[in-house]
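Asks: let me see the structure of the following:
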Amino acid sequence: MHPPASRMTPEPSTEAAVPTRDFAPTPVFPPVHGTREEARLALLLAGVLAPILLLTLIFSPTGQLNWLLETGPGLVGMVVLAATFRRFPMSRWVYVCVFLHVLVLTYGGFYTYALTPLGNWARDTFGLMRNPYDRLGHFAQGFFPAFIIREVLLRRTPLRRGGWLNFLTGSVALAISAFYELLEWWAALLLDPEGGDTFLGTQGDIWDAQWDMFLALCGATVAIAAFGRAHLRSVEELVARARVT
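Replies: Residues are numbered from 1 along each chain as shown. From the prediction side, this is the model:
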């Protein structure tokens, strides 16, 4: 005799619904909506930045076009954060990071990265071959955006804290840096093909683009390793404040 067909049918698998160390069935954090109280810090930081941006644009010794090219990505980021605030406010940690990153960009845009006084001081003091401020700028390009990338992945996807979250955060930061190198190249060809080196800030280094991408990856790695827990606490505090209100 053969066993009944019902006994021969395998049980439906529920393995896909079981959370793992790196993945959960749904995003770990619940949705949060922006409030007037939550906007206070972001508005305060924007208010501090506004006169700095305006004055450096007006009095930039290298011209307004170079200032806009260098500072533009930070300005676009601020506009995106403002436009999405009601539906997706970020943690206070992120807003402070954006503030600091825009300051780094503005200083470089005001002087151009190859001519910043701070970089010249470091070059002369430590006997370096070039002004290193652009290296700092590209390290910051990976360091500060890493927290935005990480927070979006944590709050919008089933990713948990762990290897996959860290790997994807670093990968996206590296991809953004690589795409920015393409944007710099296209902008230099379109706007100033003969003086492109001033905007690109290569200072004669044929490996400048590779260094820029590598340092952005280093910045994202350091951000996650050194400040990942502090960032996570800020996200948890954001969610806790939303529950209270």
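Asks: for the helix or strand containing residue 140, packing partners?
Replies: Following DSSP states H and E, one finds residue 140 within helix 133-156. The contact analysis (3 or more C-beta pairs under 8 Å, 6 or more residues apart in numbering; DSSP states H and E) places helix 133-156 against helix 92-111, helix 117-126, helix 163-191, helix 208-244. Bear in mind the C-beta positions are built from the backbone N, C-alpha and C, glycine included.
Asks: highest average neighbour count across those?
Replies: helix 92-111 (a mean of 21; mean count of other C-beta atoms under 10 Å).
Asks: how far away from the center of its chain is that one?
Replies: 11 Å (C-alpha atoms, centre = their mean, to the nearest Å).
Asks: re the thing from before, the helix holding residue 140 vs helix 92-111, what angle?
Replies: Calculated by axes from the mean of the first three to the mean of the last three C-alpha atoms, to 10 degrees, helix 133-156 forms an angle of 150 degrees with helix 92-111.
Asks: report the buried residues of helix 133-156.
Replies: Under the neighbour-count criterion of 16 or more other C-beta atoms under 10 Å, helix 133-156 has 133-151, 153-155 buried.
Asks: and that helix, what's its mean pLDDT?
Replies: Average pLDDT, helix 133-156: 95.
Asks: and that helix, how far out from the chain middle?
Replies: Taking C-alpha atoms, centre = their mean, one finds the center of helix 133-156 at 3 Å from the center of the full chain.
Asks: could you dump the helices and strands packed on helix 133-156 to a markdown table with distance to residue 59?
Replies: Shown next, in a markdown table, are the helices and strands packed on helix 133-156 (distance: least, C-beta to C-beta, whole Å):
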| stretch | distance to residue 59 |
| --- | --- |
| helix 92-111 | 8 |
| helix 117-126 | 15 |
| helix 163-191 | 21 |
| helix 208-244 | 27 |
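Asks: residues contacting the residue positioned nearest the centre of the chain?
Replies: Taking C-alpha atoms, centre = their mean, the centroid of the chain lies closest to residue 145, which sits 1.0 Å from it. Residue 145 makes contact with 77, 101, 173, 176, 220, according to C-beta atoms under 8 Å, 6 or more residues apart in numbering.
Asks: what about 7 Å?
Replies: Residue 145 sits next to 173, 176 when contact means C-beta atoms under 7 Å, 6 or more residues apart in numbering.
Asks: how much space between it and residue 40?
Replies: Between residue 145 and residue 40 the computed distance is 23 Å (C-beta to C-beta, to the nearest Å).
Asks: for residue 114, grab the count of nearby residues.
Replies: 20 (other C-beta atoms under 10 Å).
Asks: quick one: it from residue 48, how far?
Replies: From residue 114 to residue 48 the distance is 27 Å (C-beta to C-beta).
Asks: also residue 83?
Replies: 20 Å.
Asks: now residue 64
Replies: Counting by C-beta to C-beta - residue 64 and residue 48 are separated by 21 Å.
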